[in-house]
Structures are given as structure tokens and as C-alpha cells.
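Enquirer: okay, structure incoming, though there's no sequence with it:
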């Protein structure tokens with residue numbers, strides 16, 4: 001009987017492996033994991049060199065893991081178990097080891113991936129409390145001098161424009177739980193240090209106006225960006241510094257992107273409390289007749305400045321349609337012949353849209369993806385105001401600083 005039982009067990013185990021193998025190779029393969037917001041590993045091409053070095057088998061293992069039958073079901077179970085991880089104190093958690101997340105961006109109806117590098121340095125992780133994620137800014141080695149030194153190169157090379165710098169703090173500046181606030185560097189102090197080192201560049205202080213509206217929905221709960229409302233208050237602070245008249249919030253129709261938004265902090269942690277408090281992406285439409293273009297295939301092509309369709313994977317893409325290397329916005333009913341150029345990362349996307357009420361033309365450069373030489377734009381167009389716009393983590397991250405310097409060459 002023992003021998004028969006062993007044969008039956010072996011047969012059933014073999015059948016299970018056979019069924020799983022057939023499903024693995026027979027089921028349709030996905031390119032994108034909607035659940036994880038990343039590109040899945042594809043079947044590697046056989047090569048004797050990669051086989052000898054072990055790279056082929058490693059790639060095959062990754063392919064098998066990414067396309068395992070009923071993978072999403074097992075991931076859900078895994079997430080439930082992982083909800084027990086972290087340092088838990090009542091309803092608070094600290095995540096100190098986070099996986100990298102690939103964000104998705106739409107371009108020409110195809111998906112591209114880019115690494116989110118805005119949180120590489122100066123962080124001990126995330127605090128999750130009351131359904132809100134707080135990215136802890138520790139900044140043990142300030143890069144304020146390095147960041148300011150690169151920005152100071154611009155007025156040396158470009159002499160006919162006004163320069164401004166807008167650095168966005170995080171929600172941790174306003175709502176970080178008290179027991180963790182002592183571990184975080186004061187973001188306002190770091191921003192002030194940067195502004196003090198700027199030459200011929202006006203630092204736009206946004207902390208005061210954001211703090212006065214801290215009880216409003218100015219930062220997402222599950223994502224690292226500020227909301228369209230938070231960006232609007234920063235725009236008001238900029239207008240005051242630039243001696244411009246900000247457009248009234250009530251003068252702009254308010255809309256919401258359909259569906260719940262779970263941002264990068266949720267994707268990194270899969271925290272159940274964040275999933276229970278998803279965000280809503282609101283946006284405001286400036287009352288200007290506007291034309292938007294992006295650089296694609298060697299020329300400027302039409303593109304929506306507010307993308308409301310096909311953004312289910314990342315609803316923050318409503319602002320400018322995502323991160324393009326180069327864009328240009330025209331305001332048909334603004335006739336002041338003023339031009340602004342915004343050098344930004346993703347924090348600047350909602351901020352840029354409000355500028356269309358004050359400038360006839362707005363150039364938008366994302367320094368992470370811009371492949372040209374910025375000086376060529378100034379040779380062809382008169383730019384009145386140049387605005388550096390980004391988050392505090394990027395201002396203290398060497399890769400971002402190098403890229404801001406590179407596009408000036």
C-alpha cells in the first residue's frame with residue numbers, strides 16, 4: 001500500500017507540473033502588469049554565451065515568475081501576508097526597504113517605462129499612518145550647494161531672461177506624525193539653504209501658502225506628488241514673486257478624472273490602508289484657448305495638454321499627458337507676447353497649465369528626457385522668464401543635478 005501511495009503521489013505531482021507547464025507556455029502572454037504598473041519579463045532568446053554565463057537561466061527564471069498561471073491571485077495572497085511586515089505601531093507602519101517601481105507613460109498610444117529616480121537618495125523609507133503615506137526626507141548630506149551651483153550656470157549663459165526656482169516640499173512638512181517628525185530633516189530649511197545660494201535666480205517660497213492650506217487636499221495620500229490644488233497655490237506664490245496676476249481658482253472649471261488613483265507609494269508598499277483610501281485626481285481648466293505640441297519624430301506635433309482618455313494606468317497623466325522631453329503651449333487669447341520656459345520634472349506638470357493664463361507661449365522641458373541643447377531654443381526664441389520646477393528629493397539627488405547641467409551644454 002505504501003508503494004501504491006508513493007506512485008499515486010508521484011503521478012499527481014507530475015500531472016500538476018505538466019498542467020502548470022502547459023498553462024505557462026500555452027496561455028497568452030502579457031507585456032504589461034496592470035496590477036504592478038511595470039513591464040513583464042519576456043521569453044529570452046537562446047544564446048550559448050548567455051547560457052554559459054548563467055544569464056539565460058536567470059532570464060528564464062524571471063520569465064517564469066512573471067507569467068506563472070493565476071499570478072495575480074497569488075500576488076493578492078502575498079500582499080495580505082506582507083501587510084504584517086514593517087514596524088507596526090497601532091495604525092502606523094514604517095517601510096524601510098522598498099522595491100523600485102516602473103512608472104508608465106503614454107506616448108503615441110504605446111507604453112514606455114522610465115525609472116522613478118526622484119526617491120533614490122536621502123530617504124529611510126515611508127511612514128504610513130491614517131491612510132496617508134509620508135516620504136521621510138532625511139538629507140544626511142545636503143546637496144544644496146551642488147544644486148544651486150548648477151542652476152547658477154544658467155544666468156551666466158542666458159542673460160536676457162528672468163530666473164525663478166520653485167522647489168516643492170512633501171506632505172511630510174505638514175502632516176508627518178509627531179513621533180516620526182524628529183527623524184526627518186526640515187524640508188523648509190533645505191529649500192531655504194538652496195535659495196540662499198542662488199545668484200540672479202529668485203527662489204519662490206511656497207511653504208507659507210501651502211501651510212495655510214494644509215487642511216485642504218493639496219497632496220495625494222498614495223502618491224508622492226502634490227495635487228492640482230497644491231500646484232495652484234504654488235502658482236499663486238510664483239505670480240506674487242514674478243509680479244503677475246494669478247488666475248482665480250473660481251474662474252476655472254473643476255473636473256475629476258474618472259476612477260480611483262493609487263500612486264507610487266501604494267505601488268511600492270501594497271499597503272492595505274492606502275488601498276482603502278485611494279486618491280481622486282482633480283484638475284482645473286484655465287479659460288484660455290490653447291494649442292499644445294510635443295516634440296516627436298523630429299518635429300513638433302499636436303498633443304492634448306489635459307489628457308483625459310486612456311490614463312487608467314496612471315491618472316496623474318491627465319497633466320500634460322505625462323513627461324515629455326519637450327512641449328510648447330500657445331494661448332490664443334493671451335496677447336502679451338510673453339514667453340516662459342519651465343525646466344521641470346513631474347512635479348511641474350500641473351503647475352505648467354496655470355501659466356497659460358499669463359504667457360502667450362510656454363515652453364516645457366523635462367530635463368530627464370530632453371535630448372537636445374537648451375541653448376538652441378534661446379537662439380530662436382526670446383524667453384522672458386525661466387522657471388526651475390521640481391520636488392525636494394530631486395533637488396538633493398545627484399542624477400537629477402547632473403541632468404539639469406547636461407541639457408545646458
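Expert: Looks like it arrived, so ask away. Only a predicted model underlies this, so the values are computations on that prediction, with no experimental measurement involved.
Enquirer: do me a favour and get the end-to-end distance for stretch 306-321?
Expert: 6 Å (CA to CA, to the nearest Å).
Enquirer: and the spatially most central residue of the chain, its phi and psi?
Expert: Taking CA atoms, centre = their mean, the centroid of the chain lies closest to residue 346, which sits 5.3 Å from it. Residue 346 has phi and psi values of phi -60, psi -20 when expressed as degrees, to the nearest 10.
Enquirer: contacting residues around it?
Expert: By CB atoms under 8 Å, 6 or more residues apart in numbering, residue 346 lies in contact with 118, 225, 316, 323, 366. For every residue, glycine as well, the C-beta is placed using N, CA and C.
Enquirer: distance of the last one from residue 270?
Expert: What that stands for is residue 366. The spacing between residue 366 and residue 270, counted by CB to CB, to the nearest Å, is 28 Å.
Enquirer: and the third one, by the same measure?
Expert: Counting by CB to CB, the gap between residue 316 and residue 270 amounts to 19 Å.
Enquirer: the more surrounded of these two?
Expert: A direct count of neighbours by other CB atoms under 10 Å for residue 316 and residue 270 places residue 316 higher, at 25 against 21.
Enquirer: now do that one against residue 220, distance only.
Expert: With distances taken as CB to CB, residue 316 is found 8 Å from residue 220.
Enquirer: what sits in contact with each of the two?
Expert: Counting by CB under 8 Å, 6+ apart, the contacts common to residue 316 and residue 220 are 261, 263.
Enquirer: quick one, strands of the stretch 101-250 of the chain?
Expert: With DSSP state E, counting those that start in this stretch as the criterion, the stretch 101-250 of the chain has strands at 102-107, 110-115, 123-129, 132-137, 162-168, 202-204.
Enquirer: what's the least confident stretch among the ones you listed?
Expert: Of all these, strand 110-115 carries the lowest average pLDDT, namely a mean of 31.
Enquirer: which residue lies closest in space to residue 191, excluding its sequence neighbours?
Expert: residue 167 (4.8 Å; CB to CB, 6 or more residues apart in numbering).
Enquirer: neighbours around that neighbour, how many?
Expert: 27.
Enquirer: tell me the contacts of it?
Expert: Shown in contact with residue 167 (CB under 8 Å, 6+ apart): 191, 194-195, 203, 206, 390-392, 395.
Enquirer: thinking residue 266 is in contact with residue 275, fair?
Expert: Yes: using CB atoms under 8 Å, residue 266 is in contact with residue 275, at 6.3 Å.
Enquirer: which of these two has more neighbours?
Expert: Neighbours were tallied for residue 266 and for residue 275 using other CB under 10 Å; the higher tally belongs to residue 266 (25 against 16).
Enquirer: which one is residue 234 nearest to, not counting chain neighbours?
Expert: Spatially, and ignoring its direct neighbours in sequence, residue 234 is nearest to residue 206 (4.5 Å; CB to CB, 6+ apart).
Enquirer: pLDDT value on the one you found, please?
Expert: We have a pLDDT of 97 for residue 206.
Enquirer: quick one: it from residue 157, how far?
Expert: Counting by CB to CB, the gap from residue 206 to residue 157 is 27 Å.
Enquirer: when these two are compared, which one has more neighbours?
Expert: Neighbours were counted for residue 206 and for residue 157 using other CB under 10 Å; residue 206 has more, 24 against 11.
Enquirer: next one: that one from residue 254, what distance?
Expert: Taking CB to CB, one finds residue 206 at 21 Å from residue 254.
Enquirer: ok, now residue 166?
Expert: Applying CB to CB to residue 166 and residue 254 gives a distance of 23 Å.
Enquirer: give me the more crowded residue out of these two.
Expert: Higher neighbour count among residue 166 and residue 254: residue 166, with 25 against 12, using other CB under 10 Å.
Enquirer: you'd agree that one is up against residue 231?
Expert: No: taking contacts as CB under 8 Å, residue 166 lies outside contact range of residue 231: 9.6 Å.
Enquirer: what is in contact with those two at once?
Expert: By CB under 8 Å, 6+ apart, the residues touching both residue 166 and residue 231 are residue 351.
Enquirer: quick one: the helices in the stretch 51-200 of the chain, in order.
Expert: Using DSSP state H, counting those that start in this stretch, the helices assigned to the stretch 51-200 of the chain run over residues 55-66, 71-82, 144-151, 153-157, 172-175, 178-181, 187-196.
Enquirer: buried sites along stretch 306-318?
Expert: The neighbour-count check on stretch 306-318 (16 or more other CB atoms under 10 Å) flags 306-307, 311, 314-318 as buried.
Enquirer: what's the farthest-apart pair in those?
Expert: Maximum pairwise distance in the buried residues of stretch 306-318, criterion CB to CB, is 14.5 Å, between 306 and 314.
Enquirer: on that earlier part again, now, the contacts of residue 346 that are in helices?
Expert: Among those, no member is found in helices (DSSP state H).
Enquirer: of the residues you listed, just say which sits nearest to residue 329.
Expert: residue 366 (13.8 Å).
Enquirer: not counting sequence-adjacent ones, nearest residue to that closest one?
Expert: Of all residues not flanking residue 366 in the chain, residue 323 sits nearest, at 4.8 Å (CB to CB, 6+ apart).
Enquirer: look up phi and psi at that neighbour.
Expert: Here is the backbone geometry of residue 323 (degrees, to the nearest 10): phi -100, psi 100.
Enquirer: and for it, the neighbour number?
Expert: Residue 323, neighbours per other CB under 10 Å, totals 23.
Enquirer: you'd agree residue 329 is up against residue 305?
Expert: Yes: in this structure residue 329 lies within contact range of residue 305 using CB under 8 Å: 5.9 Å.
Enquirer: pLDDT at residue 17, what is it?
Expert: In this model, residue 17 is scored at 65, pLDDT.
Enquirer: oh, I was asking about residue 1
Expert: pLDDT recorded at residue 1 is 73.
Enquirer: how far away is it from residue 10?
Expert: Distance from residue 1 to residue 10, by CB to CB: 15 Å.
Enquirer: for these two, indicate the residue with more neighbours.
Expert: Each of residue 1 and residue 10 has its neighbours counted (other CB under 10 Å); residue 10 has more, 10 against 5.
Enquirer: mind listing what that one touches?
Expert: If a contact means CB under 8 Å, 6+ apart, then residue 10 has no contacts.
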